[in-house]
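Got a predicted structure plus its sequence, pasted below:
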Amino acid sequence: MVGHVLRMDNSRTARQAAHWELIGYKRKPGRKRKNWVDVIIQNLRQMDLTWEEAELLAKDKAEWRRLEAHAAIQLRDELR
């Protein structure tokens with residue numbers, strides 16, 4: 001699901017937003033909420049990929065779709 005963002009030009013807002021950090025912002029005490037990038041990084045770890053590797057792989061749409069399909073099958077099998 002992140003492939004389309006990784007394929008975007010670096011000047012696009014969505015691509016830039018993936019790397020934004022709010023300086024000086026603090027969450028209320030308690031468990032830290034996950035943001036979109038945290039969830040994506042967690043999913044990539046399950047696929048044994050780094051963010052940088054995902055950026056390279058996402059450039060090839062066919063390969064990226066194959067990886068996504070494989071990850072979906074693994075997740076389905078784990079949930080059974």
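That came through fine.

Give me the distance between the helix or strand where A72 lies and the centre of its chain.
In this assignment (DSSP states H and E), A72 forms part of helix 61-79. The chain centre lies 14 Å from the centre of helix 61-79; the measure is C-alpha atoms, centre = their mean, to the nearest Å.

List the contacts of it.
M1, G3, R7, N43, Q46, M47, L49, L57, A58 (C-beta atoms under 8 Å, 6 or more residues apart in numbering). Just so you know, the C-beta spots here come from the backbone N, C-alpha and C atoms, and that holds for glycine as well.

same thing but at 7 Å, please
Outside helix 61-79, the residues within contact range by C-beta atoms under 7 Å, 6 or more residues apart in numbering are G3, M47, L57, A58.

Those in strands, which ones?
In this view, the contacts of helix 61-79 have no member that belongs to strands under DSSP state E.

For ChimeraX, write the selection for the buried entries among the residues you listed.
Filtering the contacts of helix 61-79 down to the buried ones (16 or more other C-beta atoms under 10 Å) takes a single ChimeraX command:
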select :3,57,58
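
Let me see the confidence value for the residue located most distally from the centre of the chain.
What lies farthest from the middle of the chain is P29; by C-alpha atoms, centre = their mean that is 25.9 Å. With respect to pLDDT, P29 scores 82.

any idea how far it is from V37?
Here the criterion is C-beta to C-beta, to the nearest Å. By it, P29 lies 22 Å from V37.

got it, and H19?
Counting by C-beta to C-beta, the gap from H19 to V37 is 8 Å.

out of the two, which sits in the busier spot?
Neighbours per residue (other C-beta atoms under 10 Å) separate H19 from V37, with V37 holding more: 15 against 9.

what about R15, how many neighbours?
Neighbours of R15 (other C-beta under 10 Å): 15.

That one: which element?
Going by DSSP H and E, R15 is part of helix 13-17.

same question, N10
Short version: N10 belongs to no helix or strand, going by DSSP H and E.

Quick check: which element contains the residue nearest the centre of the chain?
By C-alpha atoms, centre = their mean, the chain has its centre lying nearest to I40, at 2.8 Å. Using DSSP H and E, I40 maps to helix 36-46.

No further queries at this time; thank you.
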